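> sharing a model that was predicted from the sequence below.
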Amino acid sequence: MSSDGAGSRLRGVRYGRLKRHVDSRGSFVEIWRSSILGELSEEEAGLRNASFVQANLSASAPGVLRGLHYHRRQLDYWTVVGGRALVALVDVRPVLADQTAHALVETREMGECETVTIPAGVAHGFLALEPLQLLYLVTNEYDGSDELGFAWDDPAVGVPWPRIDGTPDARPILSDRDRSNPTLAELVRSLRAR
């Protein structure tokens, strides 16, 4: 894996590109190894002693939007295995630290063999621009207790999602959960009340 040089303005977010080895038989890609990310500092990962414990493969049809999901105890490492996605990252950490702060938003189109590391505290979502397979490694086994989220179209956050050709209302295809997520302000209020 190599860094693509574009970087991120969000603390702890890293983009990269995997190297595909091609010959007459086909191809080979090394998706992940522990030395790829190097040592993850607590500040960068948003967690103490971060290590990957689960891998997942998500397949999405064009026009499917998954997000915006938020984790307090999980770092994600995403690899686009096939297709293209518009990835949206929303740094919620400034808002949680100071009610007058704004969330930082970053979007990026990612294609096959591109990666992104997403620290705890950075909400994330993606829109499948074509048939998409996304492999992601996480540092927390799924149990539902850290599955938070907020509205993908929250106007106060302002993620610039494109209109979707091929859907009746030009809106993305969403899960029931993503369709009913609260606004970011409502999520922050509920987290502060805990």
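Cool, got the structure.

> wait, doesn't R93 sit right on A123?
No - R93 is beyond contact range of A123, at 10.0 Å (criterion: CB atoms under 8 Å). The C-beta positions use only the backbone N, C-alpha and C, and glycine is treated the same way.

> higher neighbour count, these two?
Applying other CB atoms under 10 Å to R93 and A123 shows that A123 carries more neighbours, namely 25 against 18.

> a strand runs through that one, doesn't it?
Yes - A123 sits within a strand when classified using DSSP: H, G, I helix; E, B strand; the rest coil.

> in the protein, which residue is closest to the centre?
H124 (3.6 Å; CA atoms, centre = their mean).

> relative to the centre of this protein, find the outermost residue for me.
Going by CA atoms, centre = their mean, the residue of the chain most distant from its centre is S24, 34.2 Å out.

> ok, back up a step: so the residue nearest to the centre of the chain makes contact with G67?
Yes - contact criterion CB under 8 Å: H124 and G67 qualify, at 6.0 Å.

> which residues do those two both contact?
Residues touching both H124 and G67 by CB atoms under 8 Å, 6 or more residues apart in numbering: A88.

> helix or strand right after the helix or strand of the chain with the lowest mean pLDDT?
Ranked by mean pLDDT, DSSP states H and E, the helix or strand of the chain with the weakest confidence is helix 34-37, at a mean of 71. Once the chain leaves helix 34-37, the next helix or strand it forms, by DSSP states H and E, is helix 42-45.
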